[in-house]
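> Fold the following, please.
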Amino acid sequence: FRPGIGLLMLAQGVPVVPTWIEGAGRALPPGSRLPRPTKVTLAFGQPVEASELEAQGQGATPEERIADALQKRVRAISSPSDSAAT
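As a prediction, this is how the structure comes out:
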């Protein structure tokens, strides 16, 4: 995750919903014109404010701490089959 998400959250003052998307790359691989039939799975976490993420994350700047904590939350809601690969 890049710190830009932290910058946006701080600037806009809105919560984000951590979201895990699995299978979208198989549905529309690079270079494909049409999507392929495949299973795409979405998992959603609870909305979270920038201040909470900043307090939980690691990094040199507030933006880096937000991105770090958000990445951890997204990984926590990922499917068990993918958590070993990340």
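> Every contact and neighbour count from this point should use C-alpha atoms.
Will do.
> Apart from its neighbours in sequence, what residue is nearest residue 28?
Using CA to CA, 6 or more residues apart in numbering and skipping residues adjacent in sequence, the residue nearest residue 28 is residue 35, 4.7 Å away.
> quick one: that neighbour is in a strand?
No - according to DSSP: H, G, I helix; E, B strand; the rest coil, residue 35 belongs to no strand; its state is coil.
> what about it, neighbour count?
Counted with other CA atoms under 10 Å, the neighbours of residue 35 add up to 12.
> Hmm, it is touching residue 27, no?
Yes - with contact defined as CA atoms under 8 Å, residue 35 reaches residue 27; the gap is 5.3 Å.
> Overlap in contacts, these two.
Common contacts of residue 35 and residue 27, defined by CA atoms under 8 Å, 6 or more residues apart in numbering, are absent altogether.
> quick one, strands of this protein?
Here the chain has its strands, by DSSP state E, at 19-22, 41-44.
> Can you give me the distance of residue 54 to residue 18?
15 Å (CA to CA, to the nearest Å).
> next one: residue 55
16 Å.
> One more: residue 39?
Applying CA to CA to residue 39 and residue 18 gives a distance of 20 Å.
> what's the answer for residue 37, then?
For residue 37, the distance to residue 18 - CA to CA - is 25 Å.
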